[in-house]
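Colleague: Compute the structure for the input listed below.
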Amino acid sequence: MADQGLNIDAERRVAETLIEATTKFISVEYEKAMAYTNLIILAGYGAYFGLWQVTKGNITKRQAMWSALLMLASLVVFVIFQLWSLYFRSRSLLERVRIMHDPENRASGTRLLAAFAENDSVERRRSVRSGRVWHWVFMFTAISGLAGEGVLAWAFVVSLFC
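Modeller: Below is the predicted model:
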């Protein structure tokens, strides 16, 4: 019976190790994907303003207002999410500083490493949750931004043929 208890404990440790490794992988991949996506979104905003310069003389006031409203909605949600992310990143860095300056942690390398490991675990879980929010932010930002650009593109096409 004691052997069975050991096997259950060993299985639990294996599962916890796999979950921890997978969470770390997801967190790192999320950070990479978010950085790349942010670059693409920023390039999209740049393209929008370039297209705006080319089409502004050929679009109606209504088209300009719809395009601007859609792009504003996209940009506001994007900026709010970036600020939210920045807040949590800075909070995470401050927590790391707090851990390093804790006198008990400074007295023991083992304790310091354990505190860092615990903090890393919390941050990885937070990163995964943030990824879920980013999914919805990305969808809204992309759809509204593309719709705003679509209004300008449509006005551009219409002005070519009319």
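Colleague: only C-alpha atoms for contact and neighbour calcs from this point on.
Modeller: Will do.
Colleague: any idea how far Thr110 lies from Glu20?
Modeller: 20 Å (Cα to Cα, to the nearest Å).
Colleague: Those two: who's more crowded?
Modeller: Glu20 (15 against 11; other Cα atoms under 10 Å).
Colleague: State the helix or strand in which that one lies.
Modeller: Glu20 belongs to helix 2-55 when assigned by DSSP states H and E.
Colleague: Now do that helix, average pLDDT.
Modeller: The average pLDDT for helix 2-55 rounds to 77.
Colleague: Past that helix, which element shows up next along the chain?
Modeller: Counting by DSSP H and E, what follows helix 2-55 is helix 61-101.
Colleague: Counting by contacts, list what that next one packs against.
Modeller: helix 109-161 (3 or more Cα pairs under 8 Å, 6 or more residues apart in numbering; DSSP states H and E).
Colleague: now the helix it packs on, how far from the chain's geometric center?
Modeller: Distance of helix 109-161 from its chain centroid, counting by Cα atoms, centre = their mean, to the nearest Å, is 4 Å.
Colleague: just to revisit the earlier point, just how off-centre is the helix holding Glu20 within its chain?
Modeller: For helix 2-55 - counting by Cα atoms, centre = their mean - the centre lies 9 Å from the chain centre.
Colleague: and it with helix 109-161, angle?
Modeller: Here helix 2-55 points in a direction 30 degrees away from that of helix 109-161 (axes from the mean of the first three to the mean of the last three Cα atoms, to 10 degrees).
Colleague: Phe81: how many residues sit nearby?
Modeller: Per other Cα under 10 Å, the neighbour tally for Phe81 reads 17.
Colleague: now Leu113
Modeller: If we define neighbours as other Cα under 10 Å, then Leu113 has 14 of them.
Colleague: Val128 too?
Modeller: Val128: 19 neighbours (other Cα under 10 Å).
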